[in-house]
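**Student:** model the structure of this input:
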Amino acid sequence: MPARFEDYPRIAIVTGADSGIGKACAVALAEAGFDVGITWYGDPAGADRTAARVRAAGRRCEVAEMDLTRLPDAAGVVDELADRLGGVGMLVNNAGTGASVPFVDTGWEQWRDVLSVDLDGPFLCAQRAARRMRAAGRGGRIVNITSVHEHAPRVGSAAYCAAKGGLGLLTKVMAQELAADGITVNAVAPGEISTPMTGQEDVDPFTQERPGIPVGRPGDAREVAAVVALLASPAAAYVTGASWPVDGGMLMMGPQAAALTTDDWRRVAPS
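**Tutor:** Here you go, the predicted structure:
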């Protein structure tokens, strides 16, 4: 029989947790009772700030640098953090990058860097975490942070969309294959979130207007982290292979979204 949720160790590893969504996930999981291992790239001070928040919640935190352009060896950081924490019960594949370049102008090295960080890295990190979870026989949770561009294309983002689309389908295959081990695998697909990646690290999303998004604003990283924390909870033990958009309704708007420059669309004229 598959392992029960109650069996899996409350130890989480969150990649790319030095800022933004990764930081918010690490803090939310600590507040939910997890010890947390975090990886960082390029911002050691940010990683220290995240670790301080985790420890302030009364949980252990271990920190390690991870460069996902240096694969396959870089994925060994998952095992390193698991060893330091005494196991792993949850992995959040959050580390990511992107590029805004037309398809025909995308260079091979640029293409490979994005695919390495956004697809190859999550594949290898999840493999290592899943092998440990399976060997422990206590189940676990894996959450892959994708994007609304797992589901919808964006002009100028060929590499990013290819990677996130691939990670979305990889999530489903992982969910099929790991379910018998009591391991659920889901994707969380953020829309526009106020983070360093969108150039809005210090922006209050509630002060920004986005007419083409039903909720009318960008998202907060903590709103993404809340869904990740839900997927870590007993309430989500029967949820696997799903992709959870956290986008304020952006995907529902389809091709009309970018053309909406005012809120007039919200008012439907009587017939």
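**Student:** which residues touch the residue nearest to residue 240 when sequence neighbours are not counted?
**Tutor:** Distances taken as CB to CB, 6 or more residues apart in numbering put residue 184 closest to residue 240, at 3.9 Å, once the chain neighbours are dropped. Placement of C-beta: from N, CA and C, glycine included. Residues counted as contacts of residue 184 (CB atoms under 8 Å, 6 or more residues apart in numbering) are 140-142, 175, 178, 231, 236-237, 239-240.
**Student:** now with 7 Å, please.
**Tutor:** For residue 184, the contact set (CB atoms under 7 Å, 6 or more residues apart in numbering) comprises 141, 175, 239-240.
**Student:** was I right about residue 32 contacting residue 230?
**Tutor:** No - using CB atoms under 7 Å, residue 32 makes no contact with residue 230, being 9.4 Å away.
**Student:** now do stretch 133-143, average pLDDT.
**Tutor:** The average pLDDT within stretch 133-143 is 96.
**Student:** just give the number of residues close to residue 209.
**Tutor:** Other residues within reach of residue 209, judged by other CB atoms under 10 Å, total 10.
**Student:** phi, psi for residue 51 please.
**Tutor:** Residue 51 adopts backbone torsions of phi -60, psi -40, taken as degrees, to the nearest 10.
**Student:** which residue packs closest to it, ignoring adjacent ones?
**Tutor:** For residue 51, the closest residue by CB to CB, 6+ apart turns out to be residue 61, at 4.4 Å.
**Student:** related to what we said a few turns ago, out of the contacts of residue 184, the closest to residue 99 would be?
**Tutor:** The closest of these to residue 99 turns out to be residue 175 (CB to CB; 28.5 Å).
**Student:** in which helix or strand would I find that closest one?
**Tutor:** Residue 175 is located in helix 158-178, with elements delineated by DSSP states H and E.
**Student:** angle of the helix or strand that that helix is followed by against helix 158-178?
**Tutor:** The C-terminal neighbour of helix 158-178 among helices and strands, as given by DSSP H and E, is strand 183-190. Orientation check (axes from the mean of the first three to the mean of the last three CA atoms, to 10 degrees): strand 183-190 against helix 158-178 gives 160 degrees.
**Student:** all strands for the protein, in order.
**Tutor:** With DSSP state E as the criterion, the chain has strands at 11-14, 35-40, 61-65, 90-93, 140-145, 183-190, 243-246.
**Student:** returning to what we had before: relative to strand 140-145, how tilted is the helix holding residue 175?
**Tutor:** Orientation check (the same axes, to 10 degrees): helix 158-178 against strand 140-145 gives 160 degrees.
**Student:** residue 106 reaches residue 157, doesn't it?
**Tutor:** No - counting by CB under 7 Å, residue 106 sits too far from residue 157 to count as a contact (9.6 Å).
**Student:** who has more neighbours out of these two?
**Tutor:** Using other CB under 10 Å as the criterion, residue 106 and residue 157 rank with residue 157 on top: 21 against 16.
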